[in-house]
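> Sequence and computational prediction follow.
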Amino acid sequence: VSSPPRLALTPGDPGGIGPEIVAAALAEPSVRAAAEIVVVDRAGGGTHPARPTREGGRASLAAFEEAIDLAARGECDGIVTGPIDKRSLARAGSRFVGHTDLLRRRLTGATLRMMMVAPDRLRVVLVTEHIPLARVAESLSTEGVLATIADTRRGLVDEIGIDAPRLALLGLNPHAGDGGVLGREEIDLLGPALERARDDGIEIEGPFSPDGFFAAGTHTDFDAVVALYHDQGLIPVKIFGGPTTIGVTLGLPFVRTSVGHGTAFEIAGRGKADPTSLVTAIRTAADLVARRR
Ligand SMILES: [Zn+2]
């Protein structure tokens, strides 16, 4: 009999809904049965203002760094993270935009991909993440798209356990460019990326026009969808996943999952917060640890 997966759980920003959803999740028998959970909390108890604060940012960062250390030392099998606030991090003097950014820096050399998951419905990996929309088109390259495709496939095979994954690539422009009339990125960048990916033995189709792709349910034919920018990928995954939407980081030496929502300061401390995403993140992390063993 192997020991249960051991997971480090960080509540995220102490002023947000993180602390209450941690308490609610830990009260669920299915969560306690799935894993041995170590809560890593650096907020020091008490009540915290329900808004971005320097203290909240500091506590979020300190707990996350401690959780990374625990996982890196093998003292736990994975990390599950609650919601942090980018403004709190900035006030704490952090130059990191978020958890994944910090992980990239701490684990230099690791190519990490954030995969957003609507369980049993949709997996999405982004080519560009947290950059202004005005910079998306100029940030795209054949190499960058190809690298995202290759990392997605590797993660699905090695970390998620899908033997021969089928991928889809979305287009950038309306109607995926309509043969070049509505934009040329599909012809100049995405087509060559798809060709090279197929040469490398990756099963992938595209570039699809995103509106029709999701409206027709075409995403159900694929194990993951590579989207070019934040809202293109995250709007459908959050609609399909609802409160069960989570994030899974690909490319780490340990398992890491996260909630699919933010700090929700506006309802923090009122007993209204839904722990479903955190419960899903914990149970998924436990499953992924078991798969890696
Ligand atoms: Zn985001």
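Arrived safely, thanks for sending. Numbers count the residues shown, from 1 in each chain.

> Wait, residue 48 touches residue 57, no?
No. Residue 48 is beyond contact range of residue 57, at 11.2 Å (criterion: CB atoms under 8 Å). All C-beta atoms are positioned from the backbone trio N, CA, C, and that covers glycine.

> higher neighbour count, the two?
Between residue 48 and residue 57, counted using other CB atoms under 10 Å, the more crowded position is residue 57 (24 against 19).

> Next one: that one from residue 230, what distance?
According to CB to CB, to the nearest Å, residue 57 and residue 230 sit 22 Å apart.

> Residue 39 - how many residues pack around it?
A count of nearby residues for residue 39, using other CB under 10 Å, gives 17.

> Mind jotting down where the strands sit in this structure?
6-10, 36-39, 78-81, 113-118, 122-126, 166-170, 203-208, 224-227, 246-250, 255-259 (DSSP state E).

> Could you find the closest non-adjacent residue to residue 145?
Nearest-residue entry for residue 145: residue 193, 4.0 Å, with adjacent residues in sequence omitted and distances by CB to CB, 6 or more residues apart in numbering.

> can you check residue 44 too?
Distances taken as CB to CB, 6+ apart put residue 59 closest to residue 44, at 7.3 Å, once the chain neighbours are dropped.

> Test my guess that the one you found contacts residue 46.
No. Using CB under 8 Å, residue 59 is not in contact with residue 46; the gap is 11.0 Å.

> Between these two, which is the more surrounded one?
Remark: of residue 59 and residue 46, residue 59 carries more neighbours, 25 against 6, as counted by other CB under 10 Å.

> ok, residue 183 - how many residues close by?
17.

> That should have said residue 34, apologies.
Using other CB under 10 Å as the criterion, residue 34 is surrounded by 21 other residues.

> Do I have it right that it meets residue 283?
Yes. Counting by CB under 8 Å, residue 34 touches residue 283, with 5.1 Å between them.

> Would you map the helices across this protein?
Ranges of helices within the chain are 18-26, 29-34, 54-72, 86-91, 99-106, 136-139, 142-155, 185, 191-199, 210-215, 230-241, 276-292, based on DSSP state H.

> for the last one, what is the average pLDDT?
Okay, so that is helix 276-292. Average pLDDT, helix 276-292: 96.

> by how many degrees do that helix and helix 230-241 diverge?
Calculated by axes from the mean of the first three to the mean of the last three CA atoms, to 10 degrees, helix 276-292 forms an angle of 90 degrees with helix 230-241.

> Many thanks, I have nothing further to ask.
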